[in-house]
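Visitor: compute the structure for the input listed below.
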Amino acid sequence: LVVSAVGYQTVEQVVQAKNGERQRLHIHLSTDVKELEEVVVVSNGVSRVKKSAFNAIALDTKALQNSTQNLSEALAQAPGMKLRESGGVGSDMQLMMDGFSGKHIKIFIDGVPQEGVGSSFGLNNIPVNYAERIEIYKGVVPVGFGTDAIGGVINIITDDAKNAINVSSDTRYASKGRFTQSVNIDVNTGKFGSYTSYRRQQAEGWQLNPYEENSKTHELEKTGKVASTGFYANTVNQKFTFDATNKLSFYARGGYYDNKTRRPYEAYDYNILHETFNYGIGAQYMINKGNYITADCYADHFSSSYCFFKDNKTYNGKAGEEQVRKRTRNHNLSIKGIFKLGNRHNLSVGTEYIVDVLKSQTDNIAKEDAYTLALFAQDEIKLLRNLQALIGVRYIYHENFKNHATPNVALMYKPGKFNFRASYAAGFRTPT
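Guide: Below you'll find the predicted structure:
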């Protein structure tokens with residue numbers, strides 16, 4: 001007879017029983033106390049963001065996985081977010097957060113700023129399968145995100161699936177030749193991970209009215225000009241991860257995006273081509289529970305070109321030529337540490353170095369560059385059981401605009417199921 005129970009030592013006892021005989025046994029189990037190895041409990045990112053002193057929300061994208069939806073469609077579910085596209089699938093998108101738009105809203109991927117990718121590479125061109133969750137910060141934002149995001153920050157946390165192999169493919173087709181194909185391939189072998197996504201979008205151009213008014217005669221004339229321009233676009237993202245030890249991990253990532261218009265020959269002289277490629281590497285070292293250091297190096301390259309299919313006098317283009325109108329490069333190096341000091345303080349400190357380079361033929365800029373150095377510190381303080389505070393400061397030195405310091409302060413009081421927040425922040429953005 002073997003008797004066992006969780007938390008007690010197992011007891012084995014020999015029992016001899018004759019046919020038809022009943023026996024009553026008294027068995028005493030002794031407690032079994034064993035010292036377990038360190039167990040690290042990691043909170044879910046969505047709940048962590050919601051419980052912070054920041055005015056922040058987190059969107060879990062699991063319900064939208066394995067679909068052709070993009071990140072802009074996922075963001076549309078968040079309160080205070082408005083998205084407006086100038087045309088159909090893949091067209092330019094304007095994002096508004098509580099009245100702010102454009103450069104006042106910064107986009108990050110895993111905490112890395114997407115500064116030099118060009119306006120055509122937007123959230124509506126990234127498949128939702130690429131993200132595990134989306135964090136949205138309004139007003140006061142973590143100092144590690146910078147101080148030029150006056151409107152807010154959107155931080156996309158990429159999906160590091162733990163399945164050994166995961167493959168998905170989704171196709172969408174609509175009127176006007178609108179077509180979307182998304183493919184995702186994730187491989188995880190324990191220490192090594194590979195995460196690949198590809199998205200193809202294309203659409204035909206269409207007209208609202210085949211006529212336009214002649215500016216001289218004021219008569220209606222037939223036109224080939226379109227209200228929504230046809231295009232094709234490709235987006236490829238690749239990420240590799242490697243866990244060297246249980247404390248040290250590395251990653252390498254890269255991406256490519258292109259978008260080319262398909263204008264009707266009879267009404268235009270050229271198409272426009274946008275191209276973006278980016279790459280980066282990084283590492284994270286876990287000192288102990290709640291304390292770690294990260295280092296990231298990232299670069300974005302963007303170019304915009306005219307592709308002439310007719311001779312054009314305005315830009316002195318010849319049929320068959322490709323003329324680069326603008327190139328931008330952005331290089332970013334950052335080191336950040338998170339340190340949990342007791343039960344009441346969560347300290348973030350770090351530094352960031354950024355280099356921006358611009359070449360623009362249309363603006364007669366041969367080459368201009370500038371660098372920015374930043375140092376930042378932030379402390380999340382638990383004052384009382386229901387009261388949290390946040391104090392941070394970011395020091396910025398810009399090559400041309402010199403020294404600036406921007407503070408931020410936030411308080412959150414949580415009586416029961418209600419959250420009350422108050423915050424103040426200052427920002428600095430380089431004039432453009």
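Visitor: what about the strands in the stretch 201-350 of the chain?
Guide: 211-213, 220-222, 230-243, 248-262, 270-288, 291-308, 322-341, 345-360 (DSSP state E, counting those that start in this stretch).
Visitor: quick one: which of those strands is nearest Ala56?
Guide: Smallest distance to Ala56 across the strands of the stretch 201-350 of the chain (Cβ to Cβ): 14.8 Å, for strand 345-360. Where you see a C-beta, it was placed from the backbone N, CA and C, and this is true even at glycine.
Visitor: partner strands of the following helix or strand past the closest one, with direction?
Guide: Sequence order places strand 365-384 as the next helix or strand after strand 345-360, per DSSP states H and E. Here strand 365-384 has these sheet partners by DSSP bridges: strand 345-360 (antiparallel), strand 387-398 (antiparallel).
Visitor: out of those, flag the one nearest Phe179.
Guide: That would be strand 345-360 among the strands paired with strand 365-384, by Cβ to Cβ, at 33.0 Å.
Visitor: just how off-centre is that closest one within its chain?
Guide: Here strand 345-360 is found 16 Å from its chain centre; the criterion is Cα atoms, centre = their mean, to the nearest Å.
Visitor: let's test this: mean pLDDT of that strand, rounded?
Guide: Mean pLDDT, computed over strand 345-360, is 92.
Visitor: next, the angle strand 291-308 makes with that strand.
Guide: Angle between the axes of strand 345-360 and strand 291-308 is 20 degrees (criterion: axes from the mean of the first three to the mean of the last three Cα atoms, to 10 degrees).
Visitor: so strand 345-360 versus strand 322-341, what angle?
Guide: Per the same axes, to 10 degrees, the angle that strand 345-360 makes with strand 322-341 is 170 degrees.
Visitor: quick one: buried residues of strand 345-360?
Guide: Going by neighbour count (16 or more other Cβ atoms under 10 Å), the buried part of strand 345-360 is Asn346, Ser348, Val349, Gly350, Glu352, Ile354, Asp356, Val357, Leu358, Lys359, Ser360.
Visitor: and the closest residue to the fourth one other than its chain neighbours, how many neighbours?
Guide: The spatially closest residue to Gly350, leaving aside those adjacent along the chain, is Lys336, at 3.4 Å (Cβ to Cβ, 6 or more residues apart in numbering). By other Cβ atoms under 10 Å, the residues close to Lys336 number 19.
Visitor: likewise Ser175?
Guide: Going by other Cβ under 10 Å, the residues that sit close to Ser175 add up to 9.
Visitor: report pLDDT for it.
Guide: Note for Ser175: predicted pLDDT of 85.
Visitor: now Pro79
Guide: At Pro79, pLDDT is 77.
Visitor: secondary structure element for the closest residue to it other than its chain neighbours?
Guide: Nearest residue to Pro79, sequence neighbours excluded (Cβ to Cβ, 6+ apart): Ile57, at 7.4 Å. Element membership of Ile57, judged by DSSP H and E, is strand 55-60.
Visitor: in PDB, could you pull the C-alpha coordinates for that strand?
Guide: These are the backbone C-alpha positions of strand 55-60, laid out as PDB (Å, rounded to 0.1, in the frame of the first residue of the first chain):
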ATOM      1  CA  ASN A  55      -2.400  57.500 -18.200                       C
ATOM      2  CA  ALA A  56      -2.000  54.400 -20.300                       C
ATOM      3  CA  ILE A  57      -4.000  51.600 -21.800                       C
ATOM      4  CA  ALA A  58      -2.800  48.300 -23.300                       C
ATOM      5  CA  LEU A  59      -4.500  46.400 -26.100                       C
ATOM      6  CA  ASP A  60      -4.200  42.600 -26.200                       C
END
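Visitor: I appreciate the help and will end here.
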